[in-house]
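Undergrad: give me coordinates for this.
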Amino acid sequence: MIGICGCSGESWNNPYGVQRGPENVLYSSFTERPKHLDPAVAYSANEYVFIGQIYEPPLQYHYLIRPYTLVPLTAEVLPGVTYFDRDGAILPDDASVESIAYSDYTIRIRPRVRYQPHPAFAKDAQGQFLYHRLDATELQSINGISDFELTGSRELDADDYVYQIKRLVDPRIHSPIAELMKHYIVGLGQLGDELAKIHKSDANNNIDLKDFAIEGVKSLDRYSYRVRIRGKYPQFRYWLAMPFFSPMPWEAVEFYAQPGLREKNISLDWYPVGTGPYMLVENNPNRQMVLEKNPNYHMDKYPTRGEPGDRAAGLLDDAGHKLPFIDRVIYTLEKENIPYWNKFLQGYYDGSGIASDSFDQAIQFSGQGEAELTQAMHDKGIQLKTAVTTSIFYMGFNMLDPVVGGYSNRARELRQALSIAIDYEEYISIFTNGRGVAAQGLLPPGIFGSQSGEKGINPYVYDWVDGAPQRKSIDEAKRLLAEAGYPGGHNPKDGKPLVLYLDTVATGPDDKARLNWYRKQFTKLGIQLVIRTTDYNRFQQKMRNGDAQIFMWGWNADYPDPENFFFLLHGANAKVKGGGENAVNYQNPEFDKLFEMMRNMDDGEERFALIQQLQDIVRRDSPWIFGFHPKSFSLHHDWYKNLKPNLMANNRLKYTKIDSSLRQDQRRQWNKPVVWPFAVFAVLILVMLAPAWLQYRRKQQAKAK
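TA: Below you'll find the model as predicted:
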């Protein structure tokens, strides 16, 4: 075998076996099987890695243009919006928010878009479905989706989008956005109530969604449908780019609902059915997951325009070319960082993140503090791409707490003092290898309303010094603490240190170092921090009850709009009072009024001004210590083309291109078999055996004489 591999020129350590020439395949990995691949339920990043390539909502984000811009995907054009008053009269586009009772979104989809091949569509000569009435005998021979001999397809139509919206309130599914969408989509709540009653009374759960209607969602013709929204909600267009609003063929739901299939892991959560550029052909959670190009994929082309600099960077070399470029994507199970990292360096994975234990091997910082690749990475032609994510990690104060909460000057000054003392620049340096940007408010860079430079700093925590923000001194924090009634971090009534409580689910060894760091930050002010650890379920219960005093949390944007961040402090979303995402239970009438004015405005000068007022209010009140916005670092080999970070797009894979010939050459160069140890070993064996052989020869010769 060694001789065969050596003569073929194939690397002996290739984990994919012998390959015959360059392959148009992308190699990646996963750490655990996605729990859901049903677009009505899936809401995690590791799930979107797959369903974003399989399902197609009507809209998508332009791959190259920033700020993030919506463009049609299966829709022919961006949806038209018509506003109505309470009497049903049409209003002009510039009508006031208060006058708008309903907004109608009309979406026209492209014709000739077809679903991937799938047994759910297979029919016999008489037009009857082949696999929709499987009996026990037929089920015995079925163990996976590939055991179905025949497949079929059909054209996408508007009813498939309407059907999927109904599924959001199907009580058998438990969609995470059901309650939110009931608030906006007219009639969706009523449908949910109706389905819940049937589900409760029908032990067999025989609900056919085609038999039910939604007042606000209707197919207008084969290629058009309309969604009616209460009031004005411009953010709805962003939801139309999320998998929740992808089409779902009723045939697939009926096919997977058959008894006996789910027990064999044959379901939408294992084998999705979409119109996207790829389809899942293998789902083996103990080994690998494989996507293949959808042979029925509709005409889709690489963008022909981008930002300044994109052409020079080679990002428009494939302008106008048909998508997708890659035929097959293999995701291999990797539970450990070191084997994964080594395979990346050997060229067996095309891209990689950077774990802490390999960070110094890959990244160094320049004199200006900029991250750059080490020489070893440059020598391999590896590319580094960084981007500030549309996320924020923060430390929250329970505003219902008698010590850290409230809206008095004393309470504000206590929170402001802690905001200065907790040095997130140091945190980023120590615990994230510099992969983050200290937050100056709620909005990450790139979101409408965020500001850079001096105008964008938090003046309660930072000063502008020599063209950059500089955290205020610890002396300033101590001054504020004294004004709050705790000079030196002590209560003047009894002279005892102020004791504060941090609730967390952190329990691992890395978490211990972080928590000790937080203790030291509080100690700088003379405050004693007590850590209360618990499991996540108990932590959530404490948050719902308002029992936590201080806690750490984070938020990843659902869509790139300031409303998706400011609503985290909207009074109506308070965790204790309303069960919402306002985990600190912040209630400020001034903030709420401005938020309600801003949330449904179109982007413009007036909205921008309101956003700055909102930022000023929360910086002053400090219900959060604005921690940091994580910065993503990714490495890719030189053969990985069309690489531009896009943190909102879920369907990035179709734009990726691999120079497989270069990859094959590099793999061979980096993984040449080292044969000299075998030769040395063979010589040593001969040397060790030589005396015995000579002695044997002498004995043989003596016997002969």
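Undergrad: flag the shaky bits of this protein, pLDDT-wise.
TA: 1-13, 17-21, 203-205, 506-507, 674-679, 703-705 (pLDDT under 70).
Undergrad: longest single strand anywhere in it?
TA: Counting residues, the longest strand in the chain under DSSP state E turns out to be strand 624-636.
Undergrad: contacts only, for the residue nearest to S660 when sequence neighbours are not counted.
TA: Nearest residue to S660, sequence neighbours excluded (CB to CB, 6 or more residues apart in numbering): P22, at 3.6 Å. Placement of C-beta: from N, CA and C, glycine included. Applying CB atoms under 8 Å, 6 or more residues apart in numbering, one finds that P22 lies in contact with 660-661, 663-664.
Undergrad: that older thread, starting at the chain centroid, how far to the helix or strand that comes right after the longest strand of the chain?
TA: Of the helices and strands lying after strand 624-636 in sequence (DSSP states H and E), the nearest is strand 640-641. The gap between the average C-alpha position of strand 640-641 and the chain average comes to 21 Å, counting by CA atoms, centre = their mean, to the nearest Å.
Undergrad: please enumerate residues in contact with strand 640-641?
TA: Residues outside strand 640-641 that contact it (CB under 8 Å, 6+ apart): 314, 317-318, 350-351, 383, 656-659.
Undergrad: go on, stretch 583-594?
TA: Stretch 583-594 is contacted from outside by 396-400, 405, 407, 543, 546, 551, 553, 568-572, 574-577, 610, 613-614, 617-618, 621, 623-624, using CB under 8 Å, 6+ apart.
Undergrad: dump it to CSV, keeping only the CA atoms.
TA: What follows is stretch 583-594, C-alpha atoms only, in CSV (Å, rounded to 0.1, in the frame of the first residue of the first chain):
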residue,chain,number,x,y,z
ALA,A,583,-33.7,41.5,30.5
VAL,A,584,-32.7,44.4,32.7
ASN,A,585,-36.4,45.5,33.0
TYR,A,586,-35.5,49.1,32.0
GLN,A,587,-38.5,51.4,32.1
ASN,A,588,-38.0,55.0,30.9
PRO,A,589,-41.0,56.8,29.4
GLU,A,590,-38.8,59.2,27.5
PHE,A,591,-36.9,56.4,25.9
ASP,A,592,-40.1,54.4,25.1
LYS,A,593,-41.7,57.4,23.4
LEU,A,594,-38.7,58.1,21.2
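Undergrad: mind listing what's buried in it?
TA: 583-588, 591-592, 594 (16 or more other CB atoms under 10 Å).
Undergrad: stretch 94-114 too?
TA: Within stretch 94-114, the residues that qualify as buried by neighbour count (16+ other CB under 10 Å) are 97, 100-105, 107-110, 113-114.
Undergrad: how is this structure carved up into domains?
TA: As recorded under automatic domain parsing, the domains making up the chain are 56-264, 391-632, 674-705.
Undergrad: what two of the contacts of P22 have the greatest distance between them?
TA: Greatest spatial distance among the contacts of P22 (CB to CB): S661 and R663, at 7.2 Å.
Undergrad: neighbour count for the two, which is higher?
TA: Neighbours were tallied for S661 and for R663 using other CB atoms under 10 Å; the higher tally belongs to R663 (21 against 11).
Undergrad: picking that back up, in helices, which of the contacts of stretch 583-594 appear?
TA: Taking DSSP state H, the ones among those that sit in helices are 543, 575-577, 610, 613-614, 617-618, 621.
Undergrad: can I have the buried ones of those as a ChimeraX selection?
TA: Buried members of those, defined by 16+ other CB under 10 Å, are picked up in ChimeraX with:
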select :543,575,576,610,614,617,618,621
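Undergrad: and which of the ones in helices among the contacts of stretch 583-594 is nearest I266?
TA: Comparing the ones in helices among the contacts of stretch 583-594 against I266 with CB to CB places M543 closest, at 37.9 Å.
Undergrad: buried ones only from the contacts of strand 640-641, please, as a PyMOL command.
TA: Here is the PyMOL command that selects the buried residues among these (16+ other CB under 10 Å):
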select buried, resi 318+350+351+656+657+658
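Undergrad: mind putting the contacts of strand 640-641 into TSV with distance to W250?
TA: As requested, the contacts of strand 640-641 are arranged in TSV below (distance: CB to CB, whole Å):
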residue	distance to W250
G314	44
D317	41
D318	37
D350	38
G351	37
Q383	44
T656	32
K657	36
I658	37
D659	42
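Undergrad: ok so, going back, closest to A482 out of the ones in helices among the contacts of stretch 583-594?
TA: Distances from A482 to the ones in helices among the contacts of stretch 583-594, taken by CB to CB, are shortest for D621, at 20.0 Å.
Undergrad: so who does the closest one touch?
TA: Per CB under 8 Å, 6+ apart, neighbours of D621: 407, 412, 415, 586, 588, 591.
Undergrad: okay, and which of those map to helices?
TA: Assigned to helices by DSSP H, the following of the contacts of D621 qualify: 412, 415, 591.
Undergrad: what is the burial count for the closest residue to the second one other than its chain neighbours?
TA: Setting aside the residues directly before and after it, R415 is nearest to S622 in space (CB to CB, 6+ apart), at 3.9 Å. Around S622 there are 22 other residues, counting by other CB under 10 Å.
Undergrad: could you verify my assumption that S622 touches G441?
TA: No: under the criterion of CB atoms under 8 Å, S622 lies out of contact with G441, with a separation of 10.8 Å.
Undergrad: quick one: stretch 479-493 to chain centroid distance?
TA: Relative to the mean C-alpha coordinate of its chain, stretch 479-493 is positioned 43 Å out (CA atoms, centre = their mean).
Undergrad: compute the first-to-last residue distance for it.
TA: Stretch 479-493 stretches 18 Å from its first residue to its last (CA to CA, to the nearest Å).
Undergrad: buried residues in it, which are they?
TA: The neighbour-count check on stretch 479-493 (16+ other CB under 10 Å) flags 479-484, 486, 489-490 as buried.
Undergrad: just stretch 181-195 next, same as before
TA: Buried residues in stretch 181-195, counting neighbours by 16+ other CB under 10 Å, are found at 181-182, 184-186, 188-189, 191-192, 195.
Undergrad: of all pairs in those, which one is the farthest apart?
TA: Distances among the buried residues of stretch 181-195 were taken as CB to CB; the most separated pair is Y184 and L195, at 18.1 Å.
Undergrad: assign M597 to helix, strand or coil.
TA: Per DSSP: H, G, I helix; E, B strand; the rest coil, the local secondary structure of M597 is helix.
Undergrad: which residue, other than its chain neighbours, is closest to it?
TA: L610 (5.9 Å).
Undergrad: so the one you found makes contact with M601?
TA: Yes: applying CB under 8 Å, one finds L610 in contact with M601, separated by 7.3 Å.
Undergrad: residue ranges for the strands of the stretch 251-400 of the chain, please.
TA: 278-284, 288-293, 328-333, 351-352, 363-365, 371-373, 383-388, 391-397 (DSSP state E, counting those that start in this stretch).
Undergrad: ok, residues contacting the second one?
TA: So that's strand 288-293. With CB under 8 Å, 6+ apart, strand 288-293 has contacts from 30, 33, 50, 53-54, 277-283, 324, 326-333, 653.
Undergrad: repeat that with 6 Å
TA: With CB atoms under 6 Å, 6 or more residues apart in numbering as the contact definition, strand 288-293 has outside contacts at 278, 280-283, 327-332.
Undergrad: now the residues you listed in JSON lines, please, with extra columns for distance to N143.
TA: Converted to JSON lines, the contacts of strand 288-293 look like this (distance: CB to CB, whole Å):
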{"residue": "Y278", "distance to N143": "23"}
{"residue": "L280", "distance to N143": "17"}
{"residue": "V281", "distance to N143": "15"}
{"residue": "E282", "distance to N143": "13"}
{"residue": "N283", "distance to N143": "13"}
{"residue": "D327", "distance to N143": "26"}
{"residue": "R328", "distance to N143": "23"}
{"residue": "V329", "distance to N143": "24"}
{"residue": "I330", "distance to N143": "22"}
{"residue": "Y331", "distance to N143": "21"}
{"residue": "T332", "distance to N143": "22"}
